[in-house]
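Chemist: sequence unavailable; structure follows:
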């Protein structure tokens, strides 16, 4: 079965850290861009970070630049989002998604993992 599974969310105090994982099964990341998104109920989904697996190109939203780091482990077919210096505004459900290089949209999504940052 082709799927993405996120893990690593939880409750943390402001200033703390969490590492989210996005594990792929049924396919490899070789020809994909992997993105992390977040959403708060009632608000639009926000793109947080992405990585083009083949060349390692990365992108970060201004809101997380310098605090979040995206990385990958090819042996584990997993992409990570290291989140440091967390703020209450980072509270959201975080999703990873896969977009085949050259495709228009992200067409494979994980189920999401909740991140809650307390003040």
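Modeler: Everything's here; your move. Quick caveat: nothing in here was measured; it's all calculated off a predicted structure.
Chemist: secondary structure class of residue 75, three-state.
Modeler: On the three-state scheme (DSSP: H, G, I helix; E, B strand; the rest coil), residue 75 is labelled helix.
Chemist: distance of it from residue 4?
Modeler: To residue 4, residue 75 is 17 Å away according to CB to CB, to the nearest Å. For glycine as for every other residue, the C-beta is placed from the backbone atoms N, C-alpha and C.
Chemist: what about these two, which has more around it?
Modeler: Shown here are residue 75 and residue 4; by other CB atoms under 10 Å, residue 4 has more neighbours (21 against 6).
Chemist: residues contacting the more buried one?
Modeler: Under the criterion of CB atoms under 8 Å, 6 or more residues apart in numbering, the neighbours of residue 4 are 22-25, 96-98, 108-110.
Chemist: so the residue nearest the centre of the chain is in which element?
Modeler: The residue lying closest to the centre of the chain (CA atoms, centre = their mean) is residue 36, at 2.7 Å. According to DSSP states H and E, residue 36 maps onto strand 32-39.
Chemist: distance between the ends of stretch 9-28?
Modeler: Start-to-end span of stretch 9-28 (CA to CA, to the nearest Å) is 23 Å.
Chemist: show residues contacting it.
Modeler: For stretch 9-28, contacts defined as CB under 8 Å, 6+ apart pick out 1-8, 34, 36, 76-88, 94, 96, 98, 110, 113-119.
Chemist: show the buried residues in those residues.
Modeler: Buried residues within those, counting neighbours by 16 or more other CB atoms under 10 Å: 4, 6, 8, 34, 36, 77-81, 83, 86, 94, 96, 98, 110, 113, 115, 117.
Chemist: looking at those, which are in strands?
Modeler: Among these, the members falling in strands (DSSP state E) are 4, 6, 34, 36, 78-81, 83, 94, 96, 98, 113, 115, 117.
Chemist: low-confidence ranges in this structure?
Modeler: Scanning the chain for pLDDT under 70 picks out nothing.
Chemist: neighbours around the closest residue to residue 52 other than its chain neighbours, how many?
Modeler: Leaving aside its sequence neighbours, residue 52 sits nearest to residue 33 (CB to CB, 6 or more residues apart in numbering; 4.8 Å). Using other CB under 10 Å, residue 33 is surrounded by 20 other residues.
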